[in-house]
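Colleague: quick check, what structure comes out for this input:
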Amino acid sequence: MDHTSERIPVLALWSAPRSRSTAFARMMAERDDRVVVHEPFSQVVDFGEVKVGEELARSEQDVLATLRAMATRKPVFFKDTTDFHYPALLADEEFLRAATHTFIIRHPAEAIASHYKLNPELGRDEVGFAWLHEIFTAVREATGSTPVVIDSDDLLDRPAETVRAYCTAVGIPFLPDALNWQPGMRSEWQATSRWHESTSQTAGFTRGSGRGAEVVEANPVLRGYRDYHLPYYEELRAAALRP
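Modeller: Residues are numbered from 1 along each chain as shown. Predicted coordinates for the structure are as follows:
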């Protein structure tokens, strides 16, 4: 396999829904050293179009082309969630290889409980760990190396150490000042604002109170979702950085 294709300055963070990826992206926005793009793939699938920088994208292929074009002007960071399946992304081996794809995880019981609270119609596949694992595997096969994974529990328990390890792993400077920010709803979150309410009230990486595991354990349907996604999560967790 040809691994010599040119790298492009696109840094991606992939996440199952409700795995604290918005807080991570909020920190990336605070750095101010790259354009931050919010969930272009999930929004184009969900809404049929999405604003990516100044461009309107109407398909996964449009999103891929626009991210490439933006990166010729300034480095790009985007985060996205795997409550949808992205066949065009998976088929674009050059993008899988040329961009830097990273992953953030949270225990499925906690992620499912948080997701279910916002979406009681939640279906098994929308939980997203199987589709997250599929992208992880595709990137590993395209690049010949294991992508960077961080555990969001580490991010909350040891934010500076975890972000420093991430920055070292992806080759960007660690900027400790970016670990704190002003609370508030950001313009790029407006289309999906109810999903980002909790993050909008934070000023850094903080743990909310939650009894997610108990909620899932008590619900046979959610318990089945957890058991289905757990092996995918565990394989990703085995690859996670140890800050």
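
Colleague: any stretches of the chain with poor pLDDT?
Modeller: 1-5, 184-203, 209-210 (pLDDT under 70).

Colleague: strands of that one, start to end?
Modeller: Using DSSP state E, the strands of the chain run over 10-15, 35-38, 50-52, 55-57, 76-81, 100-105, 148-151.

Colleague: nearest to residue 134, of those strands?
Modeller: Each of the strands of the chain has some distance to residue 134 by C-beta to C-beta; the shortest is strand 10-15, at 10.1 Å. Bear in mind the C-beta positions are built from the backbone N, C-alpha and C, glycine included.

Colleague: need the residues that contact that closest one.
Modeller: 21, 24-25, 28, 34, 67-68, 71, 75-82, 98-105, 128, 132, 135-136, 170, 172 (C-beta atoms under 8 Å, 6 or more residues apart in numbering).

Colleague: now it, how far from the centre of its chain.
Modeller: Put simply, strand 10-15 sits 6 Å off its chain's centre (C-alpha atoms, centre = their mean, to the nearest Å).

Colleague: now the angle from it to strand 76-81?
Modeller: Strand 10-15 and strand 76-81 are oriented at 20 degrees to each other (axes from the mean of the first three to the mean of the last three C-alpha atoms, to 10 degrees).

Colleague: adjacent strands (with direction) for strand 10-15?
Modeller: strand 76-81 (parallel), strand 100-105 (parallel) (DSSP bridges).

Colleague: among those, which is nearest residue 156?
Modeller: For residue 156, the closest of these is strand 100-105, at 11.5 Å, according to C-beta to C-beta.
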